[in-house]
Structure formats: structure tokens, C-alpha cells
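Asker: Let me see the structure of the following:
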Amino acid sequence: MKNRRVVFLSVLVVSCAAACGPAGRGAVPLREGPARAPDQTLVWIGFGEAERFEGGSWVRHPELDYEFSVEQRRYEGRWESVKQLRRLHPGYDGVAGPREQTYFFGIDWASTEANGRLAASVQSSLGSGEGYSDPEFRVASLTLHADGSAFAPFDTYRIEQNYAYARGTLTETVSLEKGSAPWVRNREAATLFAAQSLATPAAPR
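Answerer: A predicted model of the protein is given here:
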């Protein structure tokens with residue numbers, strides 16, 4: 001029981017640091033005034049299902065599931081995303097931090113292709129990292145090196161994204177690993193919402 005509490009405390013410390021950042025600053029970088037107008041703004045709303053690697057296989061943990069939304073601002077050569085996550089299961093015990101958390105991701109894309117892919121440099125509230133995408137930004141892979149305690153049960157985030165623009169969907173797998181050993185895996189599915197105009201009020205009937 002004592003070791004279990006130590007592991008849980010380590011996860012809580014990492015999660016709170018990632019969600020809150022330095023005192024008084026929050027997860028999203030500070031700025032004066034509104035953000036500069038992006039080339040494109042996309043909003044993704046979805047649900048994540050959690051699994052934990054136990055006894056050599058993946059085991060579902062619905063109490064760790066979450067709703068999420070992502071506000072993604074795309075500029076030439078750079079994406080900035082703010083992700084809000086909400087764990088609403090009544091059985092959630094706080095192991096991964098507060099029920100409601102906010103994360104920031106800044107991704108700088110290379111201007112030229114290498115081996116048919118675009119390289120990415122990532123700075124985020126979860127840690128810095130690198131990755132790549134195809135030139136049309138349909139399939140992306142990112143690796144983040146976690147900022148947190150050496151006693152935490154993970155030190156790496158691996159994110160695999162598949163953007164199906166024509167269907168208006170995004171599927172993503174977020175894996176938490178210690179070295180190359182798996183620990184937690186979250187499978188996310190989201191629906192795309194983009195800027196539009198409405199000819200009439202969109203009131204429910």
C-alpha cells in the first residue's frame with residue numbers, strides 16, 4: 001500500500017505541474033491583448049478511454065476516462081493548441097491530478113521536407129519534444145519528454161494522430177511510458193468544429 005501511495009503521489013505532482021505550470025502563470029503562455037489572427041482555427045471535441053498495462057496486457061480503467069476539447073490555431077509553420085480535459089466519472093480518485101486540467105502545445109514545423117515528412121519541434125506544458133507529419137498533416141507522431149519527478153511511473157508521452165478531414169474526425173493515441181516500458185494508454189476520438197456562418201438561429205426545437 002505504501003508503494004502504491006508513492007506512485008499515486010508522483011503522478012499527482014507531475015499532473016498538477018503540467019496543468020498549472022509555475023505559480024500564477026497557468027498552462028497557456030502569457031501575452032498582452034488578443035492573439036494574432038491564425039490562418040485557420042479548428043476546434044475538436046471528443047472523449048478519451050483509458051487503459052493501464054497490467055500483468056502483460058492492457059486493462060480498461062473507465063474511472064480515468066475523460067471528455068476533452070482542443071482549440072487549435074494554425075499559422076504558417078506553427079500550430080498552437082489549448083486542450084481542456086475533464087474527468088467526470090464518479091469513481092475517479094484524483095490519481096492523475098484535478099478532474100479539470102488545461103494543457104498548451106506549441107508545434108513548430110520545418111519549412112522543407114525530409115524523407116517525405118515534415119519535422120516538428122514541440123514545446124508544451126507537458127514537456128518539450130519532437131515529431132513529424134506527412135506534408136498534408138494527416139498523420140502525425142509526437143514524442144514529449146515529461147517534466148516531472150524521477151520517481152514518476154512514466155517519463156515519455158508518445159502521441160499518434162490521424163486527421164480525417166473529409167469525415168471531420170480525429171483519432172489519437174496518447175501513451176505514457178517509462179523508457180520503452182508501457183504504463184498507460186489513452187485512446188481519443190474527436191469531432192471537428194470549424195468556423196462557419198448560420199443563416200438562421202441555431203435554436204434547439
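Asker: CA atoms of the helix or strand where residue 85 lies as PDB?
Answerer: Taking DSSP states H and E as the definition, residue 85 sits inside strand 78-86. What follows is strand 78-86, C-alpha atoms only, in PDB (Å, rounded to 0.1, in the frame of the first residue of the first chain):
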ATOM      1  CA  ARG A  78       3.400  26.800 -36.400                       C
ATOM      2  CA  TRP A  79       0.400  25.300 -34.500                       C
ATOM      3  CA  GLU A  80      -0.800  26.400 -31.100                       C
ATOM      4  CA  SER A  81      -3.300  24.300 -29.300                       C
ATOM      5  CA  VAL A  82      -5.000  24.600 -25.900                       C
ATOM      6  CA  LYS A  83      -6.500  21.300 -24.600                       C
ATOM      7  CA  GLN A  84      -9.100  21.200 -21.800                       C
ATOM      8  CA  LEU A  85      -9.700  17.800 -20.100                       C
ATOM      9  CA  ARG A  86     -12.500  16.800 -17.700                       C
END
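Asker: strand partners of whichever helix or strand comes after that strand, parallel vs antiparallel please.
Answerer: Counting by DSSP H and E, the element after strand 78-86 in chain order, helix or strand, is strand 100-109. If you go by DSSP bridges, strand 100-109 pairs up with strand 78-86 (antiparallel), strand 118-124 (antiparallel).
Asker: Relative to residue 143, which of the ones you listed is closest?
Answerer: strand 118-124 (8.3 Å; Cβ to Cβ). Placement of C-beta: from N, CA and C, glycine included.
Asker: which other residues reach that closest one?
Answerer: Under the contact criterion Cβ atoms under 8 Å, 6 or more residues apart in numbering, strand 118-124 has outside partners 103-110, 128-135, 137, 140, 142, 144.
Asker: quick one on the thing from earlier: CSV for the strands paired with strand 100-109, including mean neighbour count?
Answerer: Output for the strands paired with strand 100-109, formatted as CSV (neighbours: other Cβ atoms under 10 Å):
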stretch, mean neighbour count
strand 78-86, 17
strand 118-124, 18
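Asker: mind listing the helices for the protein?
Answerer: Taking DSSP state H, the helices of the chain run over residues 2-20.
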